[in-house]
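**Student:** Predicted model and sequence follow; I will ask about them next.
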Amino acid sequence: DGVTVKWFNKKEVQNVQVSNWKINGITEDRKGNIWFTTDELGIGCINTATDSVTFFGDKEGLPTVQFDEIVRDGNFNLWISSPCGLLYMNTENRQYQLFTDAEGFPKPADINAISYNARSGLLYILTPDNILELDPNKSRAEIVSPPVSIIGLSVFDKERPVGHCSGVQLNYNENFINIDFASIRFHSTKQLHYAYKMAGVDKDWVYCGGRTNAPYTDLQPGTYEFAVKVQDPDGMWRALPTTLTIRIMPPLWQTWWFKAIQVLVLVATGIWIIRLYTQRRLDRQKVEIEKTMAVSEERNRIASDMHDDLGSGLTAVRMLAEVANFKTDKDGAARNEIEKILLAVDSLSQNLREAIWTMNPKFDKMENFISYLRYYVYGVFEHSTIAFNFNAPDSVPDILLAGDLRRNVLLCIKEALHNIMKHSKATHASLSLAVNAGILIVEIVDNGVGFDVVGARTFGNGLNIMKSRMEKYGCEPEIQAQSGTRLVFRIPIAATGRVQ
């Protein structure tokens, strides 16, 4: 017959079962949308074009979610009865106005029925005692609400004057506040609804209904803007909310200038510590340099004295011994003793030269140390049948070696070379020097018969003396005595020498 019937089930209407709506009244607006009232969900609107349902309740600013009868007037606006009074709603802009007994309307409990007569254009309200006739076009007086006013501010329940100022300043420990506001009207204020928002605290508007205060606790230092707006009985929100700027001052230790002073103090302290450390380090270096210079001067003096005194004395003894040797018979027993004296004088002279070389600070450089060793070892093997090689780095690091270190290394090398000459039966030997990562490496190798390392350490004095000389420098001699002999000293020179 051309009539279409559509059934709304629970799957098609926002997962809300129609059976749970408890519909009390139903009507249609000029666009064909279906409006209905419920006991618990407020006022519902079914958009027949999209089959969607929208509910209007207390969250949308309505005074309640329980509505009874619903009637449409000639302008397709709605008149709805509720326990709070008679509600008028514009279906176009969804604004509303509540009429109560404060405006002369019947009490909500006295409204039995509502009816609209399309011919007369009048709305009729049935009460137990009479019938109220209402013209919908004339009953909605344009009521303009004055702006909402902020009338008070309390801090920890103590009133603070606000007046007409647009801002207030509080200390950091005055961060528990309560803001009072109101909109003054000449009739019932129960129909007014408020919403407020504190920028920086509230993410959205807080709809508080008819409550006229906004409490805030534990506000952090900073600047906040509090805004409040009012909704009048027509359902209109004031376009411009009333605002109040609240500035909570930070404590002394959180102010920018206090933090700047802290940074300056830290920087100044750091600079002072660095300067103090640098000055003390320079003082220590100065003292060390002075000590080193004093020691160098003393060593130089001793070396000069030894050369002048002992050297000249040994030279005189040798000259006397040579004269006596010349005047003595070649086959006489005295001549043999004189020759022993000459050998002893030569040995003492060599030892004196080594002592002077050790004491003289001008020979502390690694380059001079290597040159002296080359001169010495080639002198030892000059008349020997053993082929000898001396290996040293092409690029000699500029390192100073202490005199006692040079002397002990030289004595260990002399002991090793003496053993090669006397016991090894070698045909080839070598001495190699290298410096690697602060380690002086001395390596002595021969291709002789070797020896019993364990027995030599137990009964021999040579290896034990070498070990005792090197231990003070943190060096343990490495010995390999199979198929020849290999002796290695790895001497840390970071502690015993210094980089120039």
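**Tutor:** Nice, I can see it. Numbering: from 1, shown residues only.

**Student:** C-alpha only now, for contacts and for neighbours.
**Tutor:** Fine.

**Student:** For this structure, just list every one of the helices.
**Tutor:** Assigned helices in the chain, in chain order: 136-139, 256-305, 312-327, 333-359, 366-380, 403-419, 453-459, 462-471, 493-496 (criterion: DSSP state H).

**Student:** For the fifth one, buried residues please.
**Tutor:** By 16 or more other C-alpha atoms under 10 Å, the buried positions in helix 366-380 come out as 366, 367, 368, 369, 370, 373, 374, 377.

**Student:** Make CSV from the residues you listed and add distance to residue 489 and pLDDT to it.
**Tutor:** As requested, those are exported to CSV (distance: C-alpha to C-alpha, whole Å; pLDDT from 0 to 100):
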residue, distance to residue 489, pLDDT
366, 16, 83
367, 19, 85
368, 19, 84
369, 16, 83
370, 15, 85
373, 15, 84
374, 17, 87
377, 17, 84
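
**Student:** Dump the residues you listed to JSON lines, plus distance to residue 436.
**Tutor:** Formatted as JSON lines, these follow (distance: C-alpha to C-alpha, whole Å):
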{"residue": "366", "distance to residue 436": "13"}
{"residue": "367", "distance to residue 436": "15"}
{"residue": "368", "distance to residue 436": "18"}
{"residue": "369", "distance to residue 436": "17"}
{"residue": "370", "distance to residue 436": "15"}
{"residue": "373", "distance to residue 436": "19"}
{"residue": "374", "distance to residue 436": "20"}
{"residue": "377", "distance to residue 436": "23"}
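
**Student:** I'd like to know which of these is nearest to residue 277.
**Tutor:** Nearest to residue 277 among those is residue 366, at 31.8 Å by C-alpha to C-alpha.

**Student:** what sits against the closest one?
**Tutor:** Residue 366 makes contact with 396, 397, 398, 399, 400, 401, according to C-alpha atoms under 8 Å, 6 or more residues apart in numbering.

**Student:** so what's the second one up against?
**Tutor:** This means residue 397. Contacts of residue 397 (C-alpha under 8 Å, 6+ apart): 366, 367, 435.

**Student:** Which one of the residues you listed is nearest to residue 111?
**Tutor:** Checking these one by one against residue 111 (C-alpha to C-alpha), the nearest turns out to be residue 435, at 111.9 Å.

**Student:** Give the bridge partners for the closest one, please.
**Tutor:** residue 440 (DSSP bridges).

**Student:** what's the burial count for it?
**Tutor:** By other C-alpha atoms under 10 Å, the residues close to residue 435 number 19.

**Student:** If I follow the layout properly, it ends up in contact with residue 398?
**Tutor:** No. Between residue 435 and residue 398 there is no contact under C-alpha atoms under 8 Å: 10.8 Å.

**Student:** Could you report the distance from residue 210 to residue 154?
**Tutor:** Computed as C-alpha to C-alpha, to the nearest Å, the residue 210 to residue 154 distance reads 20 Å.

**Student:** repeat for residue 230
**Tutor:** Distance of residue 230 to residue 154, given as C-alpha to C-alpha: 21 Å.

**Student:** With neighbour numbers in mind, choose between the two.
**Tutor:** A direct count of neighbours by other C-alpha under 10 Å for residue 230 and residue 154 places residue 230 higher, at 29 against 17.

**Student:** Next one: the more buried one relative to residue 205, how far apart?
**Tutor:** For residue 230, the distance to residue 205 - C-alpha to C-alpha - is 12 Å.

**Student:** hang on, the earlier thing: filter the contacts of residue 366 to the buried ones?
**Tutor:** 399, 400, 401.

**Student:** Which of the residues you listed fall in strands?
**Tutor:** Applying DSSP state E to the buried ones among the contacts of residue 366, the entries found in strands are 399, 400, 401.

**Student:** Any stretches of the stretch 401-500 of the chain with poor pLDDT?
**Tutor:** 453-460, 494-500 (pLDDT under 70).

**Student:** can we see that at 50?
**Tutor:** Low-confidence segments of the stretch 401-500 of the chain (pLDDT under 50): 458-459, 495-500.

**Student:** repeat for the chain
**Tutor:** In the predicted model of the chain, residues 1-3, 10-12, 15, 139, 141-145, 186-187, 458-459, 495-500 satisfy pLDDT under 50.

**Student:** what's the residue closest to the geometric middle of it?
**Tutor:** The centroid of the chain falls nearest to residue 263 when counting by C-alpha atoms, centre = their mean (17.9 Å).

**Student:** roughly how far apart are that one and residue 252?
**Tutor:** Distance check for residue 263 against residue 252: by C-alpha to C-alpha, it reads 15 Å.

**Student:** In contact with the closest residue to residue 393 other than its chain neighbours: list those residues for me.
**Tutor:** Leaving out its chain neighbours, the residue that sits closest to residue 393 by C-alpha to C-alpha, 6 or more residues apart in numbering is residue 434, at 6.1 Å. By C-alpha under 8 Å, 6+ apart, the contact set of residue 434 is 392, 393, 440, 441, 442.

**Student:** From residue 94, how far off is the nearest residue to the first one once chain neighbours are set aside?
**Tutor:** Meaning residue 392. Excluding the flanking residues, the one nearest residue 392 by C-alpha to C-alpha, 6+ apart is residue 433, at 5.0 Å. Separation of residue 433 from residue 94 (C-alpha to C-alpha): 101 Å.

**Student:** Same question for residue 224.
**Tutor:** Per C-alpha to C-alpha, residue 224 is found 33 Å from residue 94.

**Student:** Among those two, which residue is more densely surrounded?
**Tutor:** Remark: of residue 224 and residue 94, residue 224 carries more neighbours, 18 against 14, as counted by other C-alpha under 10 Å.

**Student:** Can you report how many residues lie near the residue nearest to the more buried one when sequence neighbours are not counted?
**Tutor:** Spatial nearest neighbour of residue 224, excluding adjacent residues (C-alpha to C-alpha, 6+ apart): residue 246 at 5.1 Å. Burial of residue 246 is recorded as 17 neighbouring residues (other C-alpha under 10 Å).

**Student:** cool, and residue 210?
**Tutor:** Counted with other C-alpha under 10 Å, residue 210 comes out at 17.

**Student:** got it, and the one 3 residues further on?
**Tutor:** Neighbours of residue 213 under the rule other C-alpha under 10 Å: 18.

**Student:** who does it bridge with?
**Tutor:** Bridge pairing for residue 213 - DSSP bridges - gives residue 180.

**Student:** so who does it touch?
**Tutor:** 178, 179, 180, 181.

**Student:** Between the residues you listed, which sits nearest residue 381?
**Tutor:** Using C-alpha to C-alpha, the contacts of residue 213 come closest to residue 381 at residue 178, 105.1 Å.
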